[in-house]
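> have a look at this prediction, sequence included:
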Amino acid sequence: MSTVFRLTAAAAALAALAACEPTASTSAGAGTGFEGGIPLGTYTLVGFGKEAVPTRDGRLRLTQGGGFSGNGPCNTFTGRNAAPLPAFRVAVMNWTDNPCGHKGFEGRFFQALTQAQEARWEGGVLKIIGPTYMTLERTGN
């Protein structure tokens, strides 16, 4: 009787553990995994060239299939990368045009994205490189 009880308890424990195991995402817009050596997910803009961005209010989310989206302090954007990562060449990028006191920063951020040519993952940060390079820290999936 105790053997049957132990086997039943072991089976129940395995079933409980299996229920807790994360499942692989099949969503085309998932921000998990890698593409071209670049981790997909959400990044926060922390630097323009050698200049720090103390406000941390610019975000970029890279998704499977070359999609990206994000926001500046006042506006959001979506776009499509025309080349597989690590190449970064914006095919299309659309953004909202809300009035904003941060137009200078936000305009620089959006312009740097549209002119980007390459993405590099090095030293735990993402660098988007073009005429102006940006440094971004990964902040989520």
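Good, I have the coordinates. In this text the structure is predicted, and so the values were computed from the model without any measurement.
> and residue 94, what does it touch?
Contacts for residue 94 (CB atoms under 8 Å, 6 or more residues apart in numbering) come out as 77, 78, 79. Just so you know, the C-beta spots here come from the backbone N, C-alpha and C atoms, and that holds for glycine as well.
> where's it, which helix or strand?
strand 90-95 (DSSP states H and E).
> tell me which helix or strand comes right after that strand.
Downstream of strand 90-95, the next assigned helix or strand under DSSP H and E is helix 103-114.
> and that next one, what does it pack onto?
Packing partners of helix 103-114 (3 or more CB pairs under 8 Å, 6 or more residues apart in numbering; DSSP states H and E): strand 41-48, strand 76-81, strand 90-95, strand 134-140.
> pull up the pairing partners for the last one, direction included.
This means strand 134-140. Under the criterion DSSP bridges, strand 134-140 sits next to strand 41-48 (antiparallel), strand 125-129 (antiparallel) in its sheet.
> what's the angle between the first one and helix 103-114?
Inter-element angle recorded for strand 41-48 and helix 103-114: 120 degrees (by axes from the mean of the first three to the mean of the last three CA atoms, to 10 degrees).
> can you give me the buried ones in strand 41-48?
41, 42, 43, 44, 45, 46, 48 (16 or more other CB atoms under 10 Å).
> among the contacts of residue 94, the buried ones, what's the ChimeraX command?
Remark: buried members of the contacts of residue 94, expressed as a ChimeraX selection using 16+ other CB under 10 Å:
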select :77,79
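> mind checking the end-to-end distance for stretch 96-109?
Using CA to CA, to the nearest Å, the end-to-end distance of stretch 96-109 comes out at 14 Å.
> who's in contact with that stretch?
Against stretch 96-109 from outside (CB under 8 Å, 6+ apart): 45, 48, 53, 55, 57-58, 72-77, 132, 134.
> so, low pLDDT: which residues of this structure?
For the chain, the stretches flagged by pLDDT under 70 are 1-31, 103.
> returning to that earlier point: pull out the buried members of the contacts of stretch 96-109.
Neighbour-count burial within those applies to 45, 48, 53, 57, 58, 72, 74, 75, 77, 132, 134; the criterion is 16+ other CB under 10 Å.
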